[in-house]
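Engineer: can't give you the sequence, but here's the structure:
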């Protein structure tokens, strides 16, 4: 689907009856083709749904939350506003169980994206949606901000330079990340996590690079793949994981994860802003 045909950024009406036709997809290649040094990785996109509601067979409203996991090798991603409209269309639709709702969403998204999409729905008491304790170094707290100077808000990889050949291990995050939607130019905020093993680089340089993306226009997935590709290209680390926890919009948050390591489990980090 062409970007001009998306519902994103346009006035829309809402359906209260099941409407799978609301779903739209976007080719991943539209974002990846803009990355100069795109680097292959392992990974997935975790989407969390906070505003699921439907009717049981007695017309009693039910509410739930859910997770969607899309493999990063899928040809398509789902357009986020269309997913919101699709989820909202369940509002006045009767289902016999939460499991049936889960099965319907999984079927529709797998058909749309032409891949195996994992979907799990749960009640509001499920601990899987609890806010996570962040166990990594916060960049903006670890550096001397009095002497820190951000010289540019124009995307640049100039800051990604090793200070020595000494091998170090970094597990860090910043809450200061912001980018812009490529369609509406609205701001997208995220906590950006980086796990890195390779040549020494300063926290200041890493933070300055991430802040330089403040006016970058890209979908959430593209931003993470851009950061991953830049670090791999400029620093060639032995280990790299880049994971973003974007704040919620329309009852949905998006959490792309990219790594050069084998994936044996899915990270489900939910930050306080989500």
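Structural biologist: Thanks, I have it. For clarity, every value in this text was computed on a predicted model and none was experimentally measured.
Engineer: where do the helices sit along the protein?
Structural biologist: Per DSSP state H, the chain carries helices over the ranges 29-32, 80-88, 98-113, 139-142, 203-211, 220-235.
Engineer: how about residue 195: what's its closest non-neighbour residue?
Structural biologist: The spatial neighbour of residue 195 that comes closest, neighbours along the chain excluded (Cβ to Cβ, 6 or more residues apart in numbering), is residue 241 at 4.1 Å. Quick note: C-beta positions are derived from backbone N, CA and C, even for glycine.
Engineer: please report the distance of the closest residue to residue 174 other than its chain neighbours from residue 145.
Structural biologist: The shortest distance from residue 174 to any non-neighbouring residue, by Cβ to Cβ, 6+ apart, is to residue 139 (4.4 Å). With distances taken as Cβ to Cβ, to the nearest Å, residue 139 is found 10 Å from residue 145.
Engineer: show me which of these two is the more surrounded one.
Structural biologist: When neighbours are counted by other Cβ atoms under 10 Å, residue 139 and residue 145 differ, and residue 139 comes out ahead with 22 against 11.
Engineer: quick revisit: using CSV, lay out the helices of the chain together with distance to residue 160 and mean pLDDT.
Structural biologist: Putting those into CSV (distance: least, Cβ to Cβ, whole Å; pLDDT from 0 to 100) gives the following:
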stretch, distance to residue 160, mean pLDDT
helix 29-32, 20, 96
helix 80-88, 29, 97
helix 98-113, 32, 98
helix 139-142, 14, 96
helix 203-211, 5, 97
helix 220-235, 4, 98
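Engineer: can you add distance to residue 133 and give those helices back as JSON lines?
Structural biologist: Converted to JSON lines, the helices of the chain look like this (distance: least, Cβ to Cβ, whole Å):
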{"stretch": "helix 29-32", "distance to residue 133": "31"}
{"stretch": "helix 80-88", "distance to residue 133": "27"}
{"stretch": "helix 98-113", "distance to residue 133": "28"}
{"stretch": "helix 139-142", "distance to residue 133": "16"}
{"stretch": "helix 203-211", "distance to residue 133": "21"}
{"stretch": "helix 220-235", "distance to residue 133": "22"}
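Engineer: if we can go back for a sec, verify the stated contact: the residue nearest to residue 195 with residue 256.
Structural biologist: No: judged on Cβ atoms under 8 Å, residue 241 makes no contact with residue 256 at a distance of 11.3 Å.
Engineer: more neighbours, these two?
Structural biologist: Under the neighbour definition other Cβ under 10 Å, residue 241 and residue 256 were set side by side, and residue 256 has more, 27 against 22.
Engineer: pLDDT wise, what is residue 11 at?
Structural biologist: Residue 11 is assigned a predicted lDDT (pLDDT) of 64.
Engineer: tally of neighbours for residue 87?
Structural biologist: 23.
Engineer: longest strand in this structure, by residue count?
Structural biologist: Counting residues, the longest strand in the chain under DSSP state E turns out to be strand 164-180.
Engineer: please name every helix or strand in contact with that strand.
Structural biologist: Here strand 164-180 touches strand 137-138, helix 139-142, strand 187-200, helix 203-211, going by 3 or more Cβ pairs under 8 Å, 6 or more residues apart in numbering; DSSP states H and E.
Engineer: make TSV from the ones you listed and add distance to residue 164 to it.
Structural biologist: Below are the helices and strands packed on strand 164-180 laid out as TSV (distance: least, Cβ to Cβ, whole Å):
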stretch	distance to residue 164
strand 137-138	19
helix 139-142	19
strand 187-200	5
helix 203-211	12
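Engineer: out of the ones you listed, which is closest to residue 64?
Structural biologist: With Cβ to Cβ as the measure, strand 187-200 is the member of the helices and strands packed on strand 164-180 nearest residue 64 (24.8 Å).
Engineer: buried ones in that closest one?
Structural biologist: Buried positions in strand 187-200, judged by neighbour count with 16 or more other Cβ atoms under 10 Å: 188, 190, 191, 192, 193, 194, 195, 196, 198, 199.
Engineer: how about stretch 21-37?
Structural biologist: Residues 22, 23, 24, 25, 26, 28, 30, 31, 35 are the ones in stretch 21-37 that count as buried (16+ other Cβ under 10 Å).
Engineer: which one of the residues you listed is nearest residue 250?
Structural biologist: When the buried residues of stretch 21-37 are ranked by distance to residue 250 (Cβ to Cβ), residue 22 comes first, at 12.6 Å.
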